[in-house]
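In: predicted model, plus sequence, below.
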Amino acid sequence: MVAEMTADPSSYRTVTVALGDRSYEILIGENLISEAGRHLAPLASRPRVFVMTDDTVAGLHLSALEASLTSSGISVSAHTLPAGEASKSMSELERALDWLLDAGADRDDLLIALGGGVVGDLAGLTAALMKRGMRLVQIPTTLLSQVDSSVGGKTAVNTRHGKNLVGAFYQPRLVLADTSILATLPQRHLRAGYAEILKYGLIDDANFFEWLEAHGANVIALKPDAIAEAVARSCAAKARIVAEDERESGVRQLLNLGHTFAHAMEAENGYADSLLHGEAVACGMALALRYSARQGLMAGQDVTRAARAIETAGLAAHLSALDGGPYRPPELAARMAQDKKARAGRVPLILARGIGQSFIHPDADLADVEAFLEEETIQA
């Protein structure tokens, strides 16, 4: 099964995530929140929905969503989280489940995740657990969540032991990626989301990476054609991989390029807002590519080209330039040892033989990775 990307007659781009009877569409375009009622009414088994959001997004977009839904005869019950990574927690998960149970929600009801990756992950896990599965729709409001976390069904919360260690695979019924609302994002968050777009080029699409080298500034500037193209191509790339490997037993692991390093940085920084997920991923990808070169796998000019694309987007390609921290090699290696895929001092890493030529290295030696990070610190 492969993902399909088509043009919608109403000017939306449509990407299909092909998962048999659990297939769903990602609609990409402007003003989708204001038209949400039209798209969601067919999915609602009764004229009510539940919306999970955070206090920042609620102030920006909840009223528009409510207006669209009520105009379609659908009542709305909303639950608001504190904004930030700290809300992706067991305590907020329990609070969300209590909200739904207190309201008498059932499996045929619709839970809408209106927000970025934190809201999407928490709402997704809530939906998966609620009476063993209620209907879910993702309405991602950040660039990062539109091109990554809202697609593919990975849901999780963090614990004191690390990021995303308690979760489930649970697919939505629909994703609405409204590109017009990205204009409300701070520039820093746009750049963080752009890191995940770069990732798709670095994984297995050198042509897309080359397109981003030419058009990346227009993507970050939210030029309509450029942002729609970047979001659609990113979603299509992820949808194709998810359709091949839904539960991350093989090729889907490629989507973790840079993430093992990034999750260690985030945990070491206490998931504070001084380091956004996309900022950590950008630096993590640069580290993964330099580690690949250190192993004799990748040419130096490709590493330099990738680092230039990261830095041109206003992102850090070196630990010394990364906010938060300090990021000390022994502590980072210890965090990586806590990764859910780590075994006996070894951890899978996504490495590369060139731009668009990533592969799964199943058992990197963490002692060698720590030595590499020490070299990075000295060179800085």
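Out: On my side now, so go ahead. Numbering: from 1, shown residues only.

In: SS state for Ala307?
Out: helix (DSSP: H, G, I helix; E, B strand; the rest coil).

In: I figured it hits Ala286, correct?
Out: Yes: applying C-beta atoms under 8 Å as the test, Ala307 and Ala286 come out as touching, 5.2 Å apart. Where C-beta positions appear, they are placed from N, C-alpha and C, glycine not excepted.

In: mutual contacts of those two, please.
Out: With contacts taken as C-beta atoms under 8 Å, 6 or more residues apart in numbering, Ala307 and Ala286 have Ala317 as neighbours in common.

In: neighbour count winner among the two?
Out: Ala286 (26 against 20; other C-beta atoms under 10 Å).

In: what is the mean pLDDT for stretch 68-78?
Out: Averaged over stretch 68-78, pLDDT sits at 97.

In: just to be sure, Ala364 is in a helix?
Out: No: assessed with three-state DSSP, Ala364 is strand; it does not lie in a helix.

In: and it, how many neighbours?
Out: Ala364 has 22 neighbouring residues, counting by other C-beta under 10 Å.

In: in what helix or strand does the residue lying closest to it once chain neighbours are set aside lie?
Out: Computed as C-beta to C-beta, 6 or more residues apart in numbering, the closest residue to Ala364 that is not its neighbour in sequence is Leu349, at 4.4 Å. In this assignment (DSSP states H and E), Leu349 forms part of strand 346-352.

In: what does Leu101 give?
Out: If you go by DSSP H and E, Leu101 is part of helix 90-102.

In: and the gap between His277 and Leu93?
Out: Applying C-beta to C-beta, to the nearest Å, the value for His277 to Leu93 is 19 Å.

In: more neighbours, these two?
Out: His277 (27 against 20).

In: quick check: that one touching Leu144?
Out: Yes: at 6.6 Å, His277 counts as touching Leu144 under the criterion of C-beta under 8 Å.

In: which residues are in contact with each of those two?
Out: Common neighbours of His277 and Leu144 (C-beta under 8 Å, 6+ apart) are Gly117, Ala192.

In: helices along the protein, start to end?
Out: 36-40, 55-57, 63-71, 90-102, 117-129, 143-144, 187-204, 206-220, 224-244, 259-268, 277-294, 300-312, 329-337, 366-379 (DSSP state H).

In: Throw these into a markdown table and include distance to Val15, thanks.
Out: Converted to a markdown table, the helices of the chain look like this (distance: least, C-beta to C-beta, whole Å):
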| stretch | distance to Val15 |
| --- | --- |
| helix 36-40 | 15 |
| helix 55-57 | 23 |
| helix 63-71 | 21 |
| helix 90-102 | 28 |
| helix 117-129 | 17 |
| helix 143-144 | 16 |
| helix 187-204 | 13 |
| helix 206-220 | 14 |
| helix 224-244 | 5 |
| helix 259-268 | 22 |
| helix 277-294 | 21 |
| helix 300-312 | 24 |
| helix 329-337 | 33 |
| helix 366-379 | 35 |
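
In: deepest of those, which one?
Out: Mean neighbours per residue, mean count of other C-beta atoms under 10 Å, is largest over the helices of the chain for helix 143-144, with a mean of 28.

In: could you list every helix and strand in contact with that helix?
Out: For helix 143-144, the packing partners by 3 or more C-beta pairs under 8 Å, 6 or more residues apart in numbering; DSSP states H and E come out as helix 187-204.

In: mean pLDDT per helix and strand in the chain: which one sits at the bottom?
Out: Least confident helix or strand, the chain: strand 4-7 with a mean of 53, by mean pLDDT, DSSP states H and E.

In: need the contact list for Ile112.
Out: Counting by C-beta under 8 Å, 6+ apart, Ile112 touches Leu40, Val49, Phe50, Val51, Met52, Leu65, Ala123, Leu136, Val137, Gln138, Ile139.

In: beta partners of the fourth one?
Out: So that's Val51. With DSSP bridges as the criterion, Val51 is bridged to Ala78, Ile112.

In: that one contacts Ser75, correct?
Out: No: counting by C-beta under 8 Å, Val51 stays clear of Ser75, with 10.7 Å between them.

In: so between those two, which is more surrounded?
Out: Counted by other C-beta under 10 Å, Val51 and Ser75 do not tie: Val51 has more neighbours, with 24 against 12.

In: quick check: pLDDT value at that one.
Out: In this prediction Val51 is given a pLDDT of 98.

In: which residues touch it?
Out: Applying C-beta under 8 Å, 6+ apart, we find Val51 in contact with Leu62, Leu65, Glu66, Val76, Ser77, Ala78, His79, Leu111, Ile112, Leu114.

In: quick one: which of those residues is nearest to Leu19?
Out: Checking the contacts of Val51 against Leu19 with C-beta to C-beta, the nearest one is Leu111 at 19.1 Å.

In: the closest one contacts Phe50, correct?
Out: Yes: between Leu111 and Phe50 there is a contact under C-beta under 8 Å: 4.9 Å.

In: need the residues touching each of those two.
Out: With C-beta under 8 Å, 6+ apart as the test, Leu111 and Phe50 both reach Leu100, Ala105.

In: for Thr53, what are its contacts?
Out: Neighbour list for Thr53: His61, Leu62, Ala78, His79, Thr80, Leu81, Ala113, Leu114, Gly115, Val119 [criterion: C-beta under 8 Å, 6+ apart].

In: quick check: closest non-adjacent residue to it.
Out: Residue nearest to Thr53 in three dimensions, not counting chain neighbours: Leu114, with 4.2 Å by C-beta to C-beta, 6+ apart.

In: same question for Glu85.
Out: Leaving aside its chain neighbours, Glu85 sits nearest to Tyr271 (4.1 Å; criterion: C-beta to C-beta, 6+ apart).

In: just the pLDDT for Ile378.
Out: Note on Ile378: pLDDT of 83.

In: go on, Asp245?
Out: Reported pLDDT for Asp245: 91.
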